[in-house]
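[1] give me a 3D structure for the following:
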Amino acid sequence: MRIIDIARLEVAVEQFAHREPRIVAAGNFATPWALLNLADKALPAYRLFQLCAQPGIPVRDGVRHESPFVGPGMRGLASLDFLPARLSLVPRILATTHVPDIVLLHTTPPRDGKVSLGVEVNILPAAIEQALARGGLVIAQINRNMPYTYGDAELSLDAIDFAFDHDSPLPSPARRADPVAGATAAGIAAHVAPLVPDGATLQAGIGAVPDAVLAGLTERRGLRIWSEMISDGVADLAAHGALDPATPVTASFLFGSQELYAWADCNPELRMLRTETVNDPARIAAQPTMTSINTALQVDLYAQANASYANGRIYSGFGGQTDFTVGALHSAGGQAIIALPSWHAKTGTSTLIPQLTTPVTSFQHTAIVTDQGTAHLLGCDQRGQAIHLIEHAAHPDARDELRDAAGRLGLFGTVSF
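    Numbers count the residues shown, from 1 in each chain. Next up, the predicted model:
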């Protein structure tokens with residue numbers, strides 16, 4: 001790794017200007033903003049491949065956007081190429097159809113011949129390997145505010161071509177104060193918490209509902225964490241003594257408060273691993289009492305979940321939900337839970353609908369949990385699934401309509417065609 005100034009970095013990047021290079025950049029809240037802006041200045045046209053891109057990424061003529069998990073920075077763009085893929089398979093895409101030319105990292109300063117990727121490991125090791133194997137370029141933005149994490153986050157200096165120093169505060173996601181949404185999330189969490197026993201292994205997705213669920217588990221003991229992402233709820237479980245002290249917290253990326261970043265820094269009880277490992281359904285299935293807790297935008301009477309599309313357009317993507325749903329169902333004593341509000345407050349509509357019209361994100365869950373209660377589904381026939389969903393998870397204002405729809409769909413008996 002050579003530490004050089006911005007002018008020489010621009011010259012290095014400009015070597016790819018004769019073609020439309022693919023840039024893979026750290027995403028979520030680990031975006032190397034200074035480095036990304038430098039590359040945008042140096043290249044007239046390129047493809048930006050990023051997971052959960054945040055607002056502020058380059059959006060202009062000449063920039064094509066690519067993502068298997070769409071963040072607010074790319075959502076709704078005409079220039080977006082959405083790649084439908086389980087997160088566990090994204091490294092395969094980077095090795096075949098979407099090979100990176102340039103990889104932009106956000107790292108800690110060097111230490112004992114290594115840097116750390118800090119809060120974002122995810123698909124970056126795979127991208128680095130492919131770029132180096134194909135004559136690409138790996139560049140790091142070194143930031144003293146990046147927490148030093150272990151596992152696959154640690155990267156040899158030999159894996160980085162160039163770097164430059166640029167200290168900046170590590171951003172945290174904005175938290176909106178919404179008393180109604182908070183009360184709903186707490187209500188859902190109250191139904192989910194009894195499903196989680198001591199000693200369970202947890203994966204919790206992104207959002208207010210998974211955060212509320214973790215907050216309701218502080219009295220548990222011996223919990224383990226095997227999750228693609230973690231946030232403040234996991235650090236809070238650790239502070240309350242709810243986690244198994246003999247088992248490191250395993251994750252692939254994290255984001256949250258500054259307190260979370262301080263907890264993660266040089267924490268030997270945190271292990272950050274690459275996507276192919278954390279999201280491998282077979283490895284997930286090997287975790288004891290694996291309990292996957294995710295959310296969705298809609299669930300239908302066939303117990304299919306949509307967590308990817310809103311108003312017929314891509315909102316996010318599969319992410320790791322499919323990986324963890326399958327893995328958890330094959331774990332000894334495992335559960336795959338979808339937790340969501342029963343009602344869309346803004347639109348005044350039910351989140352439980354007769355039948356999805358969008359691509360399905362996941363299905364065959366153990367239970368669907370809302371603020372109304374828990375619909376236990378494992379082992380139910382289609383009629384039983386529909387009954388449990390309507391009577392135990394649907395909002396009361398939607399139940400009559402859902403019963404009528406279930407009858408029309410033949411879920412309450414046979415129909416003639």
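
[2] what about the helices in the stretch 51-200 of the chain?
    Applying DSSP state H, counting those that start in this stretch to the stretch 51-200 of the chain gives helices spanning 90-95, 124-133, 179-192.

[3] for the ones you listed, which one ends up most surrounded?
    Comparing the helices of the stretch 51-200 of the chain by mean neighbour count (mean count of other Cβ atoms under 10 Å), helix 124-133 ranks first with a mean of 21. The C-beta positions use only the backbone N, C-alpha and C, and glycine is treated the same way.

[4] which helices and strands sit right next to that helix?
    strand 22-25, helix 90-95, strand 102-107, strand 137-142 (3 or more Cβ pairs under 8 Å, 6 or more residues apart in numbering; DSSP states H and E).

[5] how big is the angle separating that helix from strand 102-107?
    140 degrees (axes from the mean of the first three to the mean of the last three Cα atoms, to 10 degrees).

[6] apart from its neighbours in sequence, what residue is nearest Val278?
    Distances taken as Cβ to Cβ, 6 or more residues apart in numbering place Ser252 nearest to Val278, at 4.4 Å, with adjacent residues excluded.

[7] picking that back up, closest to Ala34 out of the helices of the stretch 51-200 of the chain?
    helix 124-133 (17.4 Å; Cβ to Cβ).

[8] could the helices and strands packed on helix 124-133 go into CSV alongside mean pLDDT?
    Below are the helices and strands packed on helix 124-133 laid out as CSV (pLDDT from 0 to 100):
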stretch, mean pLDDT
strand 22-25, 98
helix 90-95, 97
strand 102-107, 98
strand 137-142, 98
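
[9] make TSV out of those and add distance to Ser342.
    Formatted as TSV, the helices and strands packed on helix 124-133 follow (distance: least, Cβ to Cβ, whole Å):
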stretch	distance to Ser342
strand 22-25	38
helix 90-95	32
strand 102-107	39
strand 137-142	44
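
[10] for Thr149, find the nearest of these.
    Closest to Thr149 of the helices and strands packed on helix 124-133 is strand 102-107 (Cβ to Cβ; 10.7 Å).

[11] could you find the closest non-adjacent residue to Ala328?
    Per Cβ to Cβ, 6+ apart, closest to Ala328 is Ser292, 3.8 Å.

[12] how is the one you found assigned, secondary-structure-wise?
    strand (DSSP: H, G, I helix; E, B strand; the rest coil).

[13] how about it, what does it touch?
    203, 284, 324-325, 327-328, 334-337 (Cβ atoms under 8 Å, 6 or more residues apart in numbering).

[14] of these, closest to Asn28?
    Closest to Asn28, out of all of these and judged by Cβ to Cβ, is Gln203, at 16.7 Å.

[15] what packs against the host helix or strand of that closest one?
    Applying DSSP states H and E as the criterion places Gln203 in strand 201-204. The contact analysis (3+ Cβ pairs under 8 Å, 6+ apart) places strand 201-204 against helix 208-215, strand 224-225, strand 290-294.

[16] so, low pLDDT: which residues of the chain?
    176-180, 414-417 (pLDDT under 70).

[17] then Arg283 would be within a helix, right?
    Yes - assigned with three-state DSSP, Arg283 falls within a helix.

[18] for it, which non-adjacent residue is spatially closest?
    Nearest non-adjacent residue to Arg283, counting by Cβ to Cβ, 6+ apart: Thr277, 6.3 Å away.

[19] perfect, that will be all.
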